[in-house]
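S.K.: show me the folded form of this:
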Amino acid sequence: MKICIYNPNSLSIKYIKQWEEKNNIEVDIVDEPINNENISRLEDADGLVLAASSKLSDDMYQKIADYGIKQISITSVGYDRINLEKANEAGLVVTNTPDYSPESIAEFTVMMILKLLKKDSEIQNDMEKKDFRFSENKLGKTLRGKTVGIYGLGTIGYLVAEGLKPFGVKIIATTPHPKSYAKNTVDFVEFDELLEKSDIFSIHAALVDENFHQFDKDAFDKMKDGALIVNTSRGGLIDTKALLDAIDDGKIDGAALDVYENEDGIYGKNNPDYDDKLFDTLLNHPKVDMYSHIAFFTDTALENQMKYALDSAVEVIKTGDSENRVN
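M.R.: Okay, the predicted model is just below:
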């Protein structure tokens, strides 16, 4: 058996090699995204693994199937860059990689919330300028007594709730599939109630057509004055222009964003060439803390991403299906 993996992070190679040796299965590592030139590497392969940043053109799905490949294994939880309709037409089973390290993202989220409340970026900016005054722009807020609204209570959202509970907060959540085990930690509410009652929003939902720009002008208008927004899931869940308008109007007090709706071609690169004034506005805004889709980025996550994705590929090759199937 041979698995072909495209564009893995260079820091992941050692984990791929460990899996290869342990399972006695050859892994062909292609150090660039899949495209119409290098897709021929699948000619003598049995399985396909794609890094989270990979994007397929619509004509590639049938080409993959024509090489005898039965599946596509994605190394991330999110699979919004995969056209599931085209995959179905080509008879390809698509799997994602859930729970590769939910604690990595949950811990980062808690950090983002605390840094946002404590005006960390304002403090650091003034420190660089040797402005050590106790000025209003550095006046922080306490977390205790706040209501945190979680949009999307999967494993990550639940771990965020668990991590925040000792701070003395009330936690409410909107999610399509409420978990019974979370009822002692979280009160489940409808989306409008989440908007009206939350002081801090932490977003942890997958991006689908139905919730694109879920947080738009309408949503911001329904929030409490001075609310804070944290997003470590997918940028498309927030209407960025509407968010900036709400911040500039004083409705929203600040945001911490690990994702951006137009991040393709920007994140993951050194000095990327882009023309995006909206992104530059976010980067330079004093009330926005920006991160580069890096909340997941721990050694535990890299190891599990590679090993779990490769395991899913083998599972489909051997059985025709997988518990991680998304189509």
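
S.K.: so who does the closest residue to residue 11 other than its chain neighbours touch?
M.R.: Computed as C-beta to C-beta, 6 or more residues apart in numbering, the closest residue to residue 11 that is not its neighbour in sequence is residue 302, at 5.8 Å. (C-beta placed from N, C-alpha, C; glycine too.) Residue 302 is in contact with 9, 11-12, 15, counting by C-beta atoms under 8 Å, 6 or more residues apart in numbering.

S.K.: can you confirm residue 302 is in a helix?
M.R.: Yes. The assignment for residue 302 by DSSP: H, G, I helix; E, B strand; the rest coil puts it in a helix.

S.K.: residue 10 versus that one, what's the distance?
M.R.: Separation of residue 302 from residue 10 (C-beta to C-beta, to the nearest Å): 10 Å.

S.K.: how about residue 39?
M.R.: Computed as C-beta to C-beta, the residue 39 to residue 10 distance reads 21 Å.

S.K.: who does residue 74 bridge with?
M.R.: Beta-bridge partners recorded for residue 74 (DSSP bridges): residue 50.

S.K.: quick check: chain neighbours aside, which residue is closest to residue 58?
M.R.: residue 86 (5.3 Å).

S.K.: mind telling me what element the spatially most central residue of the chain is part of?
M.R.: In the chain, the centroid-proximal residue (C-alpha atoms, centre = their mean) is residue 233; its distance is 3.4 Å. Assigned by DSSP states H and E, residue 233 belongs to neither a helix nor a strand.

S.K.: surely it and residue 208 touch.
M.R.: No. Counting by C-beta atoms under 8 Å, residue 233 stays clear of residue 208, with 11.5 Å between them.

S.K.: joint contacts of these two?
M.R.: By C-beta under 8 Å, 6+ apart, no residue touches both residue 233 and residue 208.

S.K.: which ones are touching the residue nearest to the centre of the chain?
M.R.: Neighbours of residue 233 in contact, by C-beta under 8 Å, 6+ apart: 78, 152, 156, 203-207, 259.

S.K.: in TSV, list these along with secondary structure, pLDDT and neighbour count.
M.R.: Formatted as TSV, the contacts of residue 233 follow (DSSP: H, G, I helix; E, B strand; the rest coil; pLDDT from 0 to 100; neighbours: other C-beta atoms under 10 Å):
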residue	secondary structure	pLDDT	neighbour count
78	coil	83	18
152	coil	96	21
156	helix	94	28
203	strand	98	25
204	coil	96	29
205	coil	94	22
206	coil	89	17
207	coil	90	20
259	coil	97	23
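
S.K.: can you put those residues in TSV and add distance to residue 59?
M.R.: Compiled in TSV, the contacts of residue 233 are given as follows (distance: C-beta to C-beta, whole Å):
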residue	distance to residue 59
78	23
152	33
156	34
203	33
204	34
205	30
206	26
207	24
259	28
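
S.K.: now flag whichever of the residues you listed is closest to residue 251.
M.R.: Of all those, residue 251 sits closest to residue 203, with 17.3 Å by C-beta to C-beta.
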